[in-house]
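Undergrad: just a sequence and a predicted model for now, questions to come.
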Amino acid sequence: MSTPTYSPGLEGVVAGETAICTVEGGLSYRGYGVGDLSEHCSFDEVAYLLLHGELPTAAQLQQFHTRVAAARRLPPPLKHLLGELPKWTTPLDALRTAVSTLGHFDQDAADNSHDANLRKAERLLAQIPVVIADHYRASKGLPEVPARQDLSHAANFLYMLRGTEATATEVKAMDVSLILYAEHEFNASTFAARVIVSTLSDLHSGITGAIGALKGPLHGGANEKVMDILFATGGPENAEAWTRAALARKERIMGFGHRVYKAGDVRAGILKTYARAAAPAAGAEKWEETADIMERVMAAEKNMYPNLDWPAGRLYHAMKLEIPLYTPIFAMSRITGWAAHVIEQLDNNRLIRPRALYKGPAARAVKAISDRG
Ligand SMILES: CC(C)(COP(=O)(O)OP(=O)(O)OC[C@H]1O[C@@H](n2cnc3c(N)ncnc32)[C@H](O)[C@@H]1OP(=O)(O)O)[C@@H](O)C(=O)NCCC(=O)NCCS
């Protein structure tokens, strides 16, 4: 056997092939740059692109919308469960449980064919926003707001959450954030999903595991930490001193740095415009100013730049969305990328089973229990 190579955290390791997305030469989905997609497409078109491989025609988009909108409902036992979860259950934990539960009710659950996986993916795309909104409202003692079939993914989600229609500006900002969150090659949650289904498990199992991986603050959980950090600084007056002190304590500033992008994340620049535009109406200019100061300090001191979570946390705050919803919103978008990868993996499967570099004791013989110690 040849000497195994080892890279901690698999940094720089090419662990598979994909036709869905590349970070080379700027992030693109199936060949389209994310800037281009954010400017010219809705999230729903991008969801179709990721799942079906091409941007939809008007007719294909209409049919896709009809299928997804019709699936915006939950089985009654899941609705009951969401209402019965302990009150301290976070929205992301509730979503993880819900996706696992939805597997029990999906007629295609055990069918790993390409077409069945697409059907399941479209259903989960439809159901995830319903889960987030229903659980949120149940946790507040509010009655559920039934899904609307005439609204887009983003517009329907905001409507179900709040019970009122969002403005076109809000829907566009949410749409752009969802487009930018939709897919990112072999990130931790997507890779986790691929590992799970590479055993010939199923799509619901893969997505449940992906949500578990997304939760951590080094990955999707970072967007929920952004406002905590900005609040902790106290505002623009203290931002520089606070950031320098945090760095001196060797703390990580969530929303900065990236395993792949060392010179900046193109997505952060795109979404910053929307976070900035949303701030005045919410009286949040102070946090935009604070963010600017922190960006300058992080660049000067650590040569480190914001990732997508940095503007996303601020945008959602300016939209008056509660912080524990931020990572579930990420999942509501990334379901498209996860599902595309699950389908790609299962369409050309090989079990993902790497090796470990052994660092334990040398071979030895078992002693009788009386001779140990
Ligand atoms: C994303 C992340 C995990 C990538 O990490 P990575 O490529 O493994 O980088 P490393 O953990 O090797 O970090 C390299 C150095 O930069 C520091 N660093 C990394 N991210 C940092 C951050 N956000 N704030 C402060 N310092 C940071 C590390 O402490 C380390 O310092 P050291 O060399 O003095 O020990 C990391 O940048 C991070 O934790 N960011 C904050 C969480 C976040 O925003 N996650 C969302 C990612 S999209």
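TA: Everything's here; your move.

Undergrad: looks to me like residue 331 is in a helix.
TA: Yes - Residue 331: assigned to a helix according to DSSP: H, G, I helix; E, B strand; the rest coil.

Undergrad: okay, it: pLDDT?
TA: With respect to pLDDT, residue 331 scores 98.

Undergrad: pretty sure it contacts residue 127?
TA: No - Residue 331 lies out of contact with residue 127 (CB atoms under 8 Å); the separation is 11.7 Å. In this view, the C-beta of every residue, glycine as well, is placed from N, C-alpha and C.

Undergrad: how near is the closest residue to the ligand within the stretch 201-350 of the chain to residue 263?
TA: Among all residues of the stretch 201-350 of the chain, residue 257 sits closest to the ligand, at 2.3 Å; criterion: CB to the nearest ligand atom. Separation of residue 257 from residue 263 (CB to CB, to the nearest Å) stands at 12 Å.

Undergrad: between the two, tell me which one has more neighbours.
TA: With neighbours defined as other CB atoms under 10 Å, residue 257 and residue 263 compare such that residue 257 has more, 19 against 8.

Undergrad: which non-adjacent residue is nearest that one?
TA: Nearest residue to residue 257, sequence neighbours excluded (CB to CB, 6 or more residues apart in numbering): residue 304, at 5.0 Å.

Undergrad: residue 57: neighbouring residues, count only.
TA: Neighbour count of residue 57, defined by other CB under 10 Å: 10.

Undergrad: ok, now how distant is it from residue 182?
TA: Distance, residue 57 to residue 182, by CB to CB: 20 Å.

Undergrad: rewinding a little: residues contacting the residue of the stretch 201-350 of the chain closest to the ligand?
TA: 302, 304, 305, 307 (CB atoms under 8 Å, 6 or more residues apart in numbering).

Undergrad: longest helix anywhere in this protein?
TA: When the chain is parsed with DSSP state H, its longest helix is helix 114-139.

Undergrad: from the contact counts, what lies against it?
TA: With contacts defined as 3 or more CB pairs under 8 Å, 6 or more residues apart in numbering; DSSP states H and E, the packing partners of helix 114-139 are helix 43-52, helix 58-70, helix 76-84, helix 91-105, helix 153-162, helix 203-214, helix 326-347.

Undergrad: export the ones you listed as TSV, with columns for distance to residue 21 and mean neighbour count.
TA: Compiled in TSV, the helices and strands packed on helix 114-139 are given as follows (distance: least, CB to CB, whole Å; neighbours: other CB atoms under 10 Å):
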stretch	distance to residue 21	mean neighbour count
helix 43-52	8	24
helix 58-70	20	15
helix 76-84	31	15
helix 91-105	22	20
helix 153-162	19	23
helix 203-214	15	25
helix 326-347	7	26
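
Undergrad: any chance of TSV for the ones you listed, columns distance to residue 270?
TA: TSV is the format used below for the helices and strands packed on helix 114-139 (distance: least, CB to CB, whole Å):
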stretch	distance to residue 270
helix 43-52	13
helix 58-70	22
helix 76-84	33
helix 91-105	24
helix 153-162	16
helix 203-214	21
helix 326-347	14
